[in-house]
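J.: structure for the following, please:
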Amino acid sequence: MASPGIKRRWLTVLMLTLCGYLAGYNVGKVAAALPFIRADLDLSLFKAGTVASSYSVAAMLLATLVGLFVSRIGAVLAVCCGVSLSGLAGVVGASADSYGSLLGGRLAEGIGYILLAISIPILIAKVISEKSRPIAMGLWGTFIPGGVALSMLASVVVQNYTVEQWRPLWWFACGMSLFCLVLLIFAVLPVLKAVGQEEVTSTGAPLQPALYHSVFERDPILLAVCFGLYSMFFVTLVTYLPTVLTETSALSVQAATRVSVFVVLCNILGNLLGGWLMGRGIRLKSILVFALMGSCLCSGVVFIEQAAIPVRVGCGLLACLSGGMLPASVFASISRFVPAQKSGLFLGVVFQTLSAGQVAGPVVLASLVEFKGSWWWGAVYFFCVATVSAIVLWFFQRDSG
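T.: The predicted model follows:
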């Protein structure tokens, strides 16, 4: 079988990223649909909250185990399982007539999300050359904000043009799953097979070994913690940005929602920028410092009610632009810290900390603001996250610079 050309390899990267957008879409589809789900299934606020958070909770509890599973069965089979499980879970959710069936489908979607999030970057690294890998990982890093933006667009269409105001979102995810499965079988798998044969027959120089041979060394763990801190900033900011702008300024709900959409788009641009900077040889630690510290400090300004609205909105956009550089840089640096055979386990640890941050961040900020009675304490939250980030980054790569 002939070796795939450059264009075919990049097309494969795009198709794999599209499969990731399925996972990102499932992350975001519940938020806009939650009021309609509550009305349709007569759910209490607590039950609605568990439906919304179960996706991240499943990932938080199972990501490392799923990473071990991916390392055992291989990334190719894992991505097919992830797409298939997402589709089947979507059918369960779309057909749900009770809290239990909807929650069960949502938990299964969470497992599918982790399977995709862990296996796809492994396959992208396999398909693309080491020189082009940072840009490819920057593109892959857009899967959550891009998928969330897609879910926002779909929710607007569904709410304006359909009678059923939430189930079509689930059926659309099922259609995406089927489309992605077809792409995997007929377009992606032949390329992966050709690349695998190419690796077997290659007589070139071996790849540079990883700096560390264990996922549980200092720097791999600190890198995973950085991802968790990133999620404590991004998910928390996106969750409360429309509310804080509406309650502390003259902005309408519609205007605040539009700002949130632009925030998500800036995060996508940040991912692409991070991949480009890694490709230009910028040090990983420098990118992490700018991404974490810049995003947290700018997010803090958003919650200072005395600041002018243009300043607060601008800081929100800058926060997501700078923070978006972190996922791309982490994905592009995996081979520096763990050998290829352990990348599944490492990504499992990364997404476990990411999911923990997604669950903890909004809860901590909401509790702090509710207890103190002022959104200003949101700024305190972000400054505290920035402080923890500074401590973590102080120890990261201290020996190697």
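J.: was I right about I304 contacting R312?
T.: Yes. Using C-beta atoms under 8 Å as the test, I304 is close enough to R312 to be in contact (7.3 Å). The way it works is simple: take the backbone N, C-alpha and C, and place the C-beta from them, glycine included.
J.: how is this protein partitioned into domains?
T.: 1-196, 209-401 (automatic domain parsing).
J.: centre of the chain versus the last one, how much separation?
T.: Spelled out, that is domain 209-401. In terms of C-alpha atoms, centre = their mean, to the nearest Å, the centre of domain 209-401 is set 11 Å apart from its chain centre.
J.: what's the mean pLDDT across it?
T.: For domain 209-401, the mean pLDDT works out to 86.
J.: helix/strand/coil for E130?
T.: Secondary structure assignment for E130 (DSSP: H, G, I helix; E, B strand; the rest coil): coil.
J.: what values do phi and psi take at Q306?
T.: Main-chain dihedrals, Q306, degrees, to the nearest 10: phi -80, psi -20.
J.: what's the local residue count around C174?
T.: 18 (other C-beta atoms under 10 Å).
J.: contacts for the helix or strand F331 falls within, please.
T.: Here F331 sits within helix 325-332, counting by DSSP states H and E. For helix 325-332, contacts defined as C-beta atoms under 8 Å, 6 or more residues apart in numbering pick out 121, 133-134, 137-138, 140-141, 144, 223, 226-227, 230, 270-275, 277-278, 284, 287-288, 290-292, 295, 350.
J.: just the ones of these in helices?
T.: 121, 133-134, 137-138, 140, 144, 223, 226-227, 230, 270-275, 277-278, 284, 287-288, 290-292, 295, 350 (DSSP state H).
J.: quick one: residues contacting the residue lying closest to L297 once chain neighbours are set aside.
T.: Leaving aside its chain neighbours, L297 sits nearest to A386 (5.6 Å; criterion: C-beta to C-beta, 6 or more residues apart in numbering). Counting by C-beta under 8 Å, 6+ apart, A386 touches 292-293, 296-297, 300.
J.: ranking those by neighbours, who comes first?
T.: C296 (27 neighbours).
J.: counting neighbours, what do you get for the nearest residue to F396 once chain neighbours are set aside?
T.: Spatially, and ignoring its direct neighbours in sequence, F396 is nearest to L222 (4.6 Å; C-beta to C-beta, 6+ apart). For L222, the tally of surrounding residues (other C-beta under 10 Å) stands at 18.
J.: tell me the spacing between L222 and P4.
T.: 36 Å (C-beta to C-beta, to the nearest Å).
J.: could you identify the helix or strand that succeeds the helix ranked longest in the chain?
T.: If you go by DSSP H, the chain has its longest helix at helix 6-41. Counting by DSSP H and E, the element after helix 6-41 in chain order, helix or strand, is helix 45-73.
J.: now for the host helix or strand of I111, which elements pack on it?
T.: Following DSSP H and E, one finds I111 within helix 99-127. With contacts defined as 3 or more C-beta pairs under 8 Å, 6 or more residues apart in numbering; DSSP states H and E, the packing partners of helix 99-127 are helix 6-41, helix 45-73, helix 75-94, helix 133-140, helix 189-201, helix 334-337, helix 343-372.
J.: so what's the spatially most central residue of the chain up against?
T.: Taking C-alpha atoms, centre = their mean as the criterion, I144 is the residue nearest the geometric centre of the chain, at 3.9 Å. I144 makes contact with 23-24, 27, 327, according to C-beta under 8 Å, 6+ apart.
J.: just the endpoints, please. Distance across stretch 66-85?
T.: Distance between the two ends of stretch 66-85: 13 Å, counting by C-alpha to C-alpha, to the nearest Å.
J.: pLDDT averaged over it, what's the number?
T.: 93.
J.: for that stretch, buried residues please.
T.: Residues 66-67, 69-71, 75-76, 78-85 are the ones in stretch 66-85 that count as buried (16 or more other C-beta atoms under 10 Å).
J.: do the same with stretch 334-346
T.: Within stretch 334-346, the residues that count as buried by 16+ other C-beta under 10 Å are 334-339, 342-346.
J.: please apply the same query to stretch 361-378.
T.: Within stretch 361-378, the residues that count as buried by 16+ other C-beta under 10 Å are 361-362, 364-366, 369, 375, 377-378.
J.: and the two most separated of these?
T.: Distance extremes for the buried residues of stretch 361-378: the farthest pair is G361 and W375 at 15.4 Å, using C-beta to C-beta.
J.: can you put the helices and strands packed on helix 99-127 in CSV and add distance to V182?
T.: Formatted as CSV, the entries for the helices and strands packed on helix 99-127 read as follows, by distance: least, C-beta to C-beta, whole Å:
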stretch, distance to V182
helix 6-41, 10
helix 45-73, 21
helix 75-94, 10
helix 133-140, 20
helix 189-201, 11
helix 334-337, 28
helix 343-372, 25
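J.: deepest of the ones you listed, which one?
T.: helix 133-140 (a mean of 25; mean count of other C-beta atoms under 10 Å).
J.: tell me the gap between that helix and the middle of its chain.
T.: Centre-to-centre, helix 133-140 and its host chain are 14 Å apart (C-alpha atoms, centre = their mean).
J.: contact partners of that helix?
T.: By C-beta under 8 Å, 6+ apart, helix 133-140 touches 10, 13-14, 16-17, 20, 120-121, 124-125, 128, 271-279, 328-329, 331-332.
J.: got a ChimeraX select line for the buried ones in these?
T.: Per 16+ other C-beta under 10 Å, the buried members of those correspond to this ChimeraX selection:
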select :10,13,16,17,20,120,121,124,125,128,271,272,273,274,275,277,278,279,328,329,331,332
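J.: quick revisit: tell me which of the helices and strands packed on helix 99-127 lies nearest to L153.
T.: Minimum separation from L153 across the helices and strands packed on helix 99-127 (C-beta to C-beta) falls at helix 6-41, 9.9 Å.
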